[in-house]
Structures are given as C-alpha cells and as structure tokens.
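>>> Structure, please.
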Amino acid sequence: MLQQPFQSSFDLGNNRIVTIETGRLARQADGAVTIRQGNCILLATVCANKEPREGQDFFPLSVDYQEKFSSAGRIPGSFFKREGRLSDSEILISRLIDRALRPLFPEDYLCDVQVLITLVSSDPEVMPDALACLAASAALAVSNIPIKEVISEVRIARVNGNFIINPSRTELASADMDFIIGATSKNLMMVEGESKQCSEEDVVKALEVAHDAIRIQITAQELLREKVGVQGKRDYTKPATDSAIELKVNQFATDRVYAISKSASSKSDRSKAYDELRKEVIASLGEETTSEQIKLAKKYYEDLKWEVVRNMMIDDRLRLDGRKLDEVRPLDMEVDVLPSPHGSALFTRGETQSLTTITFGTPQDELLIESAAKSEYTKFILHYNFPAFSTGEVKPMRGPGRREVGHGNLALRSLKQMMPGADYAYTVRVVSDILESNGSSSMATVCAGSLALMDAGVPIEKHVSGVAMGLITRPSDGKYAILTDILGDEDHLGDMDFKVTGTRDGICGIQMDIKIDGLSMETMREALAQAKDGRLHILDSMYACMPAARSEVKPHAPRMEKLFIDKEFIGAVIGPQGKIIQEIQRETGANINIEEVGNFGEVSVFSASKESLDKAVSWIKGIVAMPEVGEEYEAKVKSVMPYGAFVEFMPGKQGLLHISEVSWKRLENLDGILREGDLVKVKLIGVDHKTGKFKLSRKVLMPKPDFNDNEGGPEASN
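Model (predicted):
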C-alpha cells in the first residue's frame, strides 16, 4: 500500500490554488513532485549520480521540459503519432528552468544531474511554463541533492494597468507586459520577457511584484520539505586542489595577465597572448610535474584571468578592448546588400556581425506552432544561425541547438512588437546569419532585423535596437562596474548577462541571467538606465542608415494585398466548384487564398507583378461590390439574343440589355449593332427584387433625338 503523500499549497490570488505533492509518483527518483493548478498537472523528477565522472571538470546539468499531447486528449500530428524531439517552445521553457537552477548548485559539485518536467494534464486557461520551474525546484527541495537555496519562477503580466501573477491564457492575450522571473527569497536569478515599449521603471515595478509572489512559493516548498523530513544533503566528492601549484601559477602569471588584459588588443591577438602565457606557465612548473598537476595549473590560470580582469575593470575602469564602461563598440551598417532577397541588412558592432535577410510569403507559408494545449499559425518567423566559423572554430554542421533557438526567440519577440497587425498580408521570414561573433550576436540580430525589415518595405513605425549589459562585482568592498555592450570574454567573466531591446520610446524585450547573490533594485535601475543610453546611441546610427521603411516593396518582391469581404460573398468569389476563382487566377496570373474569419472572408491576393495584382484585386472587388441603380458601367457583351444582349457590367454580374434599351430607334434585331465581345457603355436603371435580375439601358446615355417623323432618331452605332 502506498504511503500517504505529502502536500503543500498556496493561493496565487482570486482563489487560484496551487498544490505541490510528493510521495505518490516516481518514488525511485531522488526527488519527484507534482504541481497542480486547476486541471493543469506537471510531474517533475530529479536524479543525480553519486560520483562525478572521471576527469569531469564542469557541472553537467540537463533540463528537459516536455508536453505530452495526451495531457490535452490529443494525438500528435507527426507521422509516428508520438512525441519526438523537443519543440522550440519546449526548448525555450527548458532554457528558462536551466538558467534559474544552474547557479543553485555548489561550484565544486560536478556530478551529473538530470531534471525532467512533464505536462501530464493540460488546462486550456493555465499556462504550464509559469509552473515548470516551481516544479523543478520543489523536486530538488525534497531530495538530498546538494543545492544552496530554493527558488521559484512566476509569470507577471500587466493587463489594463494591473499586474497579474501567472495570468490565464485569455488574460495574457491582452497584456502589454509579459515577463517570466526567477528568484530566490533574496535575489533575482533570471528575467525573460517582452513588452509593448514599457519604461524602465515599469520593469522594476514588475520585478518587485513578482519577487513578492516568488517568496510565497518558496515558503510552500520549504514547508513541504519539512513535512517530508529531508535530513541534510548528501556528501559528494570534491575536485582535487593543490595550493602549492596555485601559488606558483599566481606568482608567475599575475602581472603578465594584467598586461595582456590591459593591452586593448583584438580578440584573436588577446587569445593568442593568453595561450602563449599558459604554455609558459606549464613549462615553468618543471619536467617533474604530473598530468594531474598540469590540469590543475590550467584551471588556476583560468581562475587567475577571471580575477585579474575583473579587478582591472573595477579598479581601473578599463575594458579588455580599451573602451570606457558605458561605451558601445564602433558601428557599421548597410541595407540592400543582397540583390535577390526581398530585404537585407549587414550590421557590424565591433567584432560581431549579422547578415540578415527578409523573405515574403503567402498565407500558405505560415508556420504551424503546435503544443499540447493549442495549435496556431504565425506569419512572422525569425531564424538565427550561428556557424562555427563566426568564432574561428571547426565544428560539424548540425541542426539548430538550444542556444540558437533561445537567441532567435529573443530577437523575434522584440521585433514582433513593431510588426503591422493581422491585416498585413505577407508572411514574413527573417533569417540572421552570424558571420562574426564576439559578444551579443542576438542583439546584432535585432538591429540587423529592424534594418532589413525597413529595407524590405515592411511598414514598421520605429527601429528596434538591442544592447547587452554586464556586471562585475567585488563583495569584499562592495564595488562594482556596469558594462555596456559586453564582449564574449566579459560575458564569461562577469556576474550578469542582461540584454535589453527597445525603441526610442520604451523596452520591447529583456533577457537577464544573474550569477551572483545580492543584486539590489538600485543596481538594476542603474543598469537599465545605462542600457537605455546604449540602446539610443545605436538607434541614432540605425536611423541615419535607414530613416524609415520603404514606401513599397522592391520591384522583384512579390506583391500581396488583403481584402475583407462579407461572408455571404465568399461563395460568389469562389464560384461553383471553384470556377470563378480559378478563372481569376488563370486570367491574371495571381494566387488567391480565401479563409473564413468570423463574419468576414479574408481574401489574400499574391502576385509576382503589380499589374497582375491590381487586375485580380479589381476583379474581386467587382464581384463583391453591390451594383447601384443610376451608376454607369463599362459592360462586355457575353451573348446576343433576338430580344437583346446579355452583358457583364461588373465582374461576375450580368444583366439583360433589352433590345428596346439599345437605341432610341426601334430595332427589329441587333444584327450589325452589337456583337459578342463588344464593349458598351450602360446604365443600371433598375433591379427586379423578386428575381434579382438587373435592368440595363444603353439608350439613356445617348442624346435623345427630336422625333418629327416616322423614322425616329438615328440608328445607334456600336
């Protein structure tokens, strides 16, 4: 018989109860919990090896979040009808959890740890990603795996001016701020999200509200751990140390590391100098040095670089490339750099470079995003590629990894804030190829993407730029340095990676990871203010390069226009068995797509030439237009009968031009007067509302003769 499970609960507000439970499922894992809100249930498990692998010199943490389609009563749409590799959405959620959990483990803990979070029951209104990190942390909390603190994550959104913790899916749809925030009871750990040009102070307020909610969730986890009765944390094997080797390395290399770091050389020259010094350090230890001591010496050398560079920035206020702390690297940008894509831009900032292209597509090119809870299409796509040559490395070409997915998503959610609304006809694909990288290629993608969109003629109102911020702290004396536009080495050596994107009027996206304890809100405000200065500096250069979006797409770009028609006209445009729409496409060369949206028909017309597009649009407008009595039309004779001619006076609309309405003169027949294919000017003089037939006249547009004899007026010409 199963033991009684342990539970702990808390209220998110408005009687939205979240329950954490352990002891019933997955009992052989080191830690396992379920999190439940409404009908949404997540299962989180954690397992860790007892000993590190031989030769292990880094912390091997793996975090995977997966949504089972069965959780929503659905069968996957893949060929195999089972869940396959993680979707981009699942990868992004996995990254959110990983980034918050990783700093919790001791620096000398090198055992393999695997965290798995699975959505086993779905609720259409509950967003599971807001509960996933809580589940992972709770699984660690009820285990004996060594962690320094308990954490949690929440989603905070602003809806109609009010902040809501873990809003429903419906509420989130109308939010102008959407952030996921992870924290311990004292310190922020991770921030990711988007907003519709919010202010820096809005961000700080959101962080404060979210942190208060996180503290409640941490208390619930600690209560659960007490109920379970977790007794301490397991012992683990720590890496070997050698104080004598560490002393030798520091004495030999400290001054020379400082000299290299202060030289303001390029990334390649600096790396080469560091590598040469490392070889000299190893050689200085003597021939009797063991392989284990050499390995430790290399580690101590990297630790020394970390300490020397950080102290240089704090004490000397100098950067590795010689810049001031708040200085952005030299900028160079160009648009229309490639002849065939529909838009392109090359953006270079220091030693980071992005070549970004825009491609226009039809509604058939929209991307299907499928999850357990819902499936939806998006017409704005952004792909980020990071080839090995961008950092001068040799690596096999593989599919996009988690890094590429995460960086691309940050750029996508930043740029989409400026994209036109649902009535914009094109599907737009943005592709950023990183050609060179030394710090924040995702921010280069945002800048290059904004320039390329304007170059393509996408009607975005404002440029969006981005800048990556860094932080160096020294707890011993409380000094710190905030860095603008960080290098790759500064990211590695620093305590914070803080990316901020936005327009001149506000923030569009944020991604922040903090590696230390004790980031105050005042420091956060200072970092946000410095980031704003950097963002505006970059925007000035972007506007100088491309002041506004092109008024039209390029000559070689496909043309597209979207029409909204009354639902009742959809059948008229399509015609019986598709006869009308096929005729329009055949005669004009345009592609036409019609979808029913509410009470309207959404008609997308796509063509390689403007002439073809205009012809198709005019044809469709003619079909859906309502003829008005008294209006004049250019009609085409479709057939001639003894009693008159049938003419098409609007696309898809025909009427009888009776023989008595052809001329003021009485006609016996229409021989020599009208022929099939003739164009004739007519006026709509009436509609038979019972039959829907149109009454047309030609003679009313002709001068009425003065009848003084039996011959009548002159015969009308055709």
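>>> How far off centre is the host helix or strand of T501?
In this structure, T501 sits in strand 496-503 according to DSSP states H and E. How far strand 496-503 lies from its chain's middle: 15 Å, per CA atoms, centre = their mean, to the nearest Å.
>>> Quick one: distance of stretch 256-265 to the chain centre.
39 Å.
>>> same check, this time on stretch 299-317
Centre to centre, stretch against its chain (CA atoms, centre = their mean), the figure for stretch 299-317 is 36 Å.
>>> Could you do stretch 602-613 as well?
28 Å.
>>> Flag every buried residue along the strand holding T501.
Buried residues in strand 496-503, defined by neighbour count with 16 or more other CB atoms under 10 Å: 496-503. Where C-beta positions appear, they are placed from N, C-alpha and C, glycine not excepted.
>>> So which residues make contact with it?
Applying CB atoms under 8 Å, 6 or more residues apart in numbering, the contact partners of strand 496-503 are 197, 410-411, 414, 418, 440, 442-443, 446, 462-471, 486, 491, 507-516, 519, 527-528, 531-532, 535, 539.
>>> Equivalent analysis for stretch 323-330, please.
Contacts for stretch 323-330 (CB under 8 Å, 6+ apart): 313, 317, 319, 321, 349-352, 467, 481-485, 530, 533-534, 537-538.
>>> and these, which are buried?
Here, 16+ other CB under 10 Å leaves 313, 319, 321, 349-352, 467, 481-485, 530, 534, 537-538 buried among these.
>>> which among the contacts of strand 496-503 end up buried?
197, 410-411, 414, 418, 440, 442-443, 446, 462-471, 486, 491, 507-514, 516, 519, 527-528, 531-532, 535, 539.
>>> and the longest helix for the chain?
Counting by DSSP state H, the longest helix found in the chain is helix 200-228.
>>> still on that earlier bit, now, which of the contacts of strand 496-503 lie within helices?
Checking those against DSSP H, those in helices are 410-411, 414, 442-443, 446, 491, 527-528, 531-532, 535, 539.
>>> any chance of those residues in a markdown table, plus pLDDT and distance to A645?
Below are the ones in helices among the contacts of strand 496-503 laid out as a markdown table (pLDDT from 0 to 100; distance: CB to CB, whole Å):
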| residue | pLDDT | distance to A645 |
| --- | --- | --- |
| L410 | 95 | 65 |
| A411 | 96 | 61 |
| S414 | 96 | 61 |
| S442 | 95 | 67 |
| M443 | 96 | 68 |
| V446 | 97 | 62 |
| D491 | 87 | 78 |
| A527 | 92 | 78 |
| L528 | 93 | 74 |
| A531 | 95 | 73 |
| K532 | 96 | 71 |
| R535 | 96 | 68 |
| L539 | 97 | 64 |
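>>> Which pair in those residues has the greatest spatial separation?
D491 and L539 (22.6 Å; CB to CB).
>>> For the residue nearest the centre of the chain, list the residues it contacts.
Centroid-nearest residue in the chain: L412, 3.0 Å away (criterion: CA atoms, centre = their mean). By CB under 8 Å, 6+ apart, the residues touching L412 are 380-382, 430.
>>> The same query, at a cut-off of 10 Å, please.
194, 378, 380-384, 419, 430, 445-446, 449, 509 (CB atoms under 10 Å, 6 or more residues apart in numbering).
>>> Please name whichever of those residues scores lowest on pLDDT.
The member of the contacts of L412 with the lowest pLDDT is T378, at 92.
>>> quick one, what contacts the closest residue to that residue other than its chain neighbours?
Closest residue to T378 apart from its sequence neighbours, by CB to CB, 6 or more residues apart in numbering: L367 at 5.2 Å. Each residue near L367 by CB under 10 Å, 6+ apart is listed here: 88, 361, 376-381, 427, 429.
>>> And those residues, which of them are buried?
The buried subset of those - by 16+ other CB under 10 Å - is 88, 361, 379-381, 427, 429.
>>> A helix includes S541, no?
Yes: applying DSSP: H, G, I helix; E, B strand; the rest coil, one finds S541 inside a helix.
>>> Which neighbouring elements make contact with whichever strand or helix holds D275?
In the assignment (DSSP H and E), D275 maps to helix 267-284. Using 3 or more CB pairs under 10 Å, 6 or more residues apart in numbering; DSSP states H and E, the elements in contact with helix 267-284 are helix 243-261, helix 291-311, helix 488-493.
>>> now the angle from the longest one to helix 267-284?
The one in question is helix 291-311. The directions of helix 291-311 and helix 267-284 differ by 140 degrees, with axes from the mean of the first three to the mean of the last three CA atoms, to 10 degrees as the criterion.
>>> Which secondary structure element comes immediately after helix 291-311 toward the C-terminus?
Following helix 291-311 in sequence, per DSSP H and E, is strand 331-335.
>>> That following strand: partners in the sheet, and parallel or antiparallel?
Applying DSSP bridges, strand 331-335 is found paired with strand 343-349 (antiparallel).
>>> what comes up buried for stretch 278-290?
278, 281-282, 285, 289.
>>> Kindly export it (C-alpha atoms) in CSV.
C-alpha atoms of stretch 278-290 as CSV (Å, rounded to 0.1, in the frame of the first residue of the first chain):
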residue,chain,number,x,y,z
ARG,A,278,49.5,29.4,-20.4
LYS,A,279,52.2,27.4,-22.2
GLU,A,280,54.9,29.3,-20.3
VAL,A,281,53.1,28.7,-17.0
ILE,A,282,53.0,25.0,-17.6
ALA,A,283,56.7,25.0,-18.6
SER,A,284,57.7,26.9,-15.5
LEU,A,285,56.4,24.1,-13.3
GLY,A,286,59.3,21.9,-14.4
GLU,A,287,59.6,18.5,-16.1
GLU,A,288,58.6,16.5,-12.9
THR,A,289,55.1,17.9,-13.0
THR,A,290,52.4,15.3,-13.2
